[in-house]
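J.: Next input, structure requested:
(one chain, ligands or ions: 1)
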Amino acid sequence: MYGLVNKAIEDYVCSNFDADTWERIKEKAQVDVDVFVCMEAYPDEVTYSLVGAASELLGTPASEILSSFGEHWVGFTRREGYAELLAATGRTLPEFLSNLDGLHARVGLTYGFANTPLFRVKPTGPGELVLDYVSTRPGLGPMVMGLLQGLGLMFHTSVTVEWVTHRADGAACDQFLVKYVAPV
Ligand code: HEM
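T.: Below you'll find the predicted structure:
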């Protein structure tokens with residue numbers, strides 16, 4: 001994945017733990033990279049190994065690491081120069097989610113990637129929608145759960161997420177039921 005993602009993992013570890021823990025995670029993951037370059041493509045194994053090593057060292061399931069990391073991602077991208085893009089993607093959580101593929105397409109223009117996830121939004125009632133997450137990469141559903149919490153913080157909206165269908169169990173994609181209460 002692009003260096004931006006690995007840099008975000010570093011930022012997550014350093015802000016929730018410390019720089020020494022990050023060095024130990026890289027060592028355990030056998031990732032010999034001093035500085036990740038945002039726009040450079042690294043093998044996906046680098047990202048998966050970092051998450052696996054963090055899980056072992058911190059004694060926390062990888063799914064929890066991915067979820068907290070997903071929540072961290074929204075603030076990280078905002079600080080890394082994407083605040084305007086995030087703001088332009090939607091004024092509410094459902095509007096933002098409906099435009100998420102457009103956001104990745106815009107980012108993809110500068111990064112030159114084609115392997116981005118796809119999201120489909122189906123409103124199912126007031127304050128409720130179903131989100132399909134279609135990806136070529138396995139195991140990142142927990143990150144989406146955390147991303148939704150991060151977006152909830154960004155929109156000052158309380159969000160609960162239920163993971164309804166799992167691709168790992170043979171479903172066509174991961175599907176989430178998202179309930180949200182926007183501020184009045
Ligand atoms: C301005 C904000 C954002 C930027 C700059 C951004 C950029 C990226 C980049 C560079 C990747 C890696 C793609 C690759 O290496 O092939 C990625 C992956 C991903 N992004 Fe975003 N993204 C943003 C916001 C979001 C948000 C809000 C979500 C919420 C659901 C999201 C969901 C994902 C997921 C789940 C992946 C994992 C890749 C996969 O499934 O294949 N992103 N994004």
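J.: Now Phe36. Nearest residue, chain neighbours left out?
T.: Gly3 (3.9 Å; C-beta to C-beta, 6 or more residues apart in numbering). From N, CA and C alone the C-beta is placed, and that goes for glycine too.
J.: tell me, how many neighbours does the one you found end up with?
T.: Neighbourhood size, Gly3 [other C-beta atoms under 10 Å]: 20.
J.: doesn't Pro43 make contact with it?
T.: No. If you go by C-beta atoms under 8 Å, Gly3 and Pro43 don't touch, sitting 11.6 Å apart.
J.: who touches the residue nearest to Phe36 in this structure?
T.: 36-42 (C-beta atoms under 8 Å, 6 or more residues apart in numbering).
J.: Let's see that with 10 Å instead.
T.: Listed by C-beta atoms under 10 Å, 6 or more residues apart in numbering, the contact set of Gly3 reads 10, 33, 35-42, 46-47, 111.
J.: what do you get for Gly146?
T.: 63-74, 161.
J.: tell me the SS of it?
T.: Here Gly146 is recorded as helix under DSSP: H, G, I helix; E, B strand; the rest coil.
J.: Quick one, grab the pLDDT at it.
T.: We have a pLDDT of 98 for Gly146.
J.: Same question for the one 5 residues further on.
T.: With respect to pLDDT, Leu151 scores 98.
J.: Mind listing residues that contact the helix-or-strand element of the chain with minimal mean pLDDT?
T.: The least trusted helix or strand in the chain, going by mean pLDDT, DSSP states H and E, turns out to be helix 100-111, with a mean of 94. Residues outside helix 100-111 that contact it (C-beta under 10 Å, 6+ apart) are 2-4, 38-41, 77, 82, 85-86, 88-90, 96, 99, 113-121, 131, 133-134, 147, 151.
J.: Now the buried members of those.
T.: 2-4, 77, 82, 86, 89-90, 96, 99, 116-117, 119, 121, 131, 133, 147, 151 (16 or more other C-beta atoms under 10 Å).
J.: The most centrally placed residue in the chain is in what secondary structure piece?
T.: For the chain, the residue nearest the mean C-alpha position is Gly70 (3.8 Å; C-alpha atoms, centre = their mean). According to DSSP states H and E, Gly70 maps onto helix 62-77.
J.: Next, see if that helix gets close to the ligand.
T.: Yes. Using C-beta under 6 Å from any ligand atom, helix 62-77 comes into contact with the ligand via 74, 77.
J.: That helix packs against which elements?
T.: Where contact means 3 or more C-beta pairs under 10 Å, 6 or more residues apart in numbering; DSSP states H and E, helix 62-77 is packed against helix 3-16, helix 44-58, helix 83-89, helix 141-154.
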